[in-house]
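K.L.:
kindly return the folded structure for what I paste below:
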Amino acid sequence: MKKILSTNTNNTTALIARLALGIVVFPHGAQKLLGWFGGYGFEGTMSFLTGQAGLSYIVGLLVILIEFFGALFLITGFASRIAAFAILVNFAGVVITTHLHNGFFMNWYSEANKGEGLEYFILLFGLALIVLIAGGGKASIDGAISDNDKEN
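P.N.:
Have a look, this model is predicted:
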């Protein structure tokens with residue numbers, strides 16, 4: 001477990017990557033869990049995920065929890081690698097099941113091809129991979145825990 005939490009507490013790149021990823025994913029999780037930012041909240045999201053999307057209850061629950069708590073973990077730098085991995089797997093599932101056929105671009109304004117493409121997800125995956133490799137970096141709870149382990 002110590003290796004998962006270990007990080008270079010001077011790594012600003014890891015700090016930027018985890019904050020960017022956490023800040024971008026948090027509103028998605030808050031929509032799903034709390035109904036913030038125009039979302040449907042827990043019940044509405046679970047109804048969609050288990051009904052229209054066809055996911056099992058446990059997978060739907062994991063989607064909501066990963067997007068909300070995973071984002072908070074990244075913002076605070078707690079269990080950064082675990083949170084980044086969970087977000088990576090979560091959004092890989094989203095891409096494979098929903099967005100893969102939409103092409104590269106977001107396509108919001110194209111009548112021919114409605115739906116989100118892959119560009120957002122490529123950026124998300126890149127940030128998640130940086131956090132997976134580097135850990136929480138500067139100003140992270142992981143760094144404080146790792147430093148405390150070294151002192152003891």
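K.L.:
any weak-confidence spans in this structure?
P.N.:
1, 108-114, 148-152 (pLDDT under 70).
K.L.:
for the residue sitting nearest the centre point of the chain, give me its contacts.
P.N.:
The centre of the chain sits closest to residue 87, judged by C-alpha atoms, centre = their mean, with a distance of 3.5 Å. When contacts are counted by C-beta atoms under 8 Å, 6 or more residues apart in numbering, residue 87 touches 21, 25, 66, 67, 70, 71, 74, 124, 128. (Glycine included, C-beta is placed from N, CA and C.)
K.L.:
the first one is in contact with residue 129, isn't it?
P.N.:
The one in question is residue 21. No: Residue 21 is beyond contact range of residue 129, at 10.0 Å (criterion: C-beta atoms under 8 Å).
K.L.:
that older thread, distance of the residue nearest to the centre of the chain from residue 105?
P.N.:
According to C-beta to C-beta, to the nearest Å, residue 87 and residue 105 sit 22 Å apart.
K.L.:
who are the packing partners of the longest helix along the chain?
P.N.:
Selection of the longest helix in the chain by residue count, based on DSSP state H, yields helix 12-34. Here helix 12-34 touches helix 41-50, helix 57-65, helix 71-76, helix 80-94, helix 119-134, going by 3 or more C-beta pairs under 8 Å, 6 or more residues apart in numbering; DSSP states H and E.
K.L.:
about what we covered before: what's the overlap in contacts for residue 21 and residue 129?
P.N.:
residue 84.
K.L.:
who has more neighbours, these two?
P.N.:
More crowded of residue 21 and residue 129, by other C-beta atoms under 10 Å: residue 21, with 27 against 14.
K.L.:
got phi/psi on residue 8?
P.N.:
phi -80, psi 110 (degrees, to the nearest 10).
K.L.:
show me the contacts for it.
P.N.:
14, 134, 135, 137, 143.
K.L.:
contact partners for the last one?
P.N.:
Taking C-beta under 8 Å, 6+ apart, we find residue 143 in contact with 7, 8, 9, 77, 135, 136, 137.
K.L.:
buried subset of those, written for PyMOL?
P.N.:
Applying 16 or more other C-beta atoms under 10 Å to the contacts of residue 143, the buried members can be selected in PyMOL as follows:
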select buried, resi 7+9+77+135+136+137
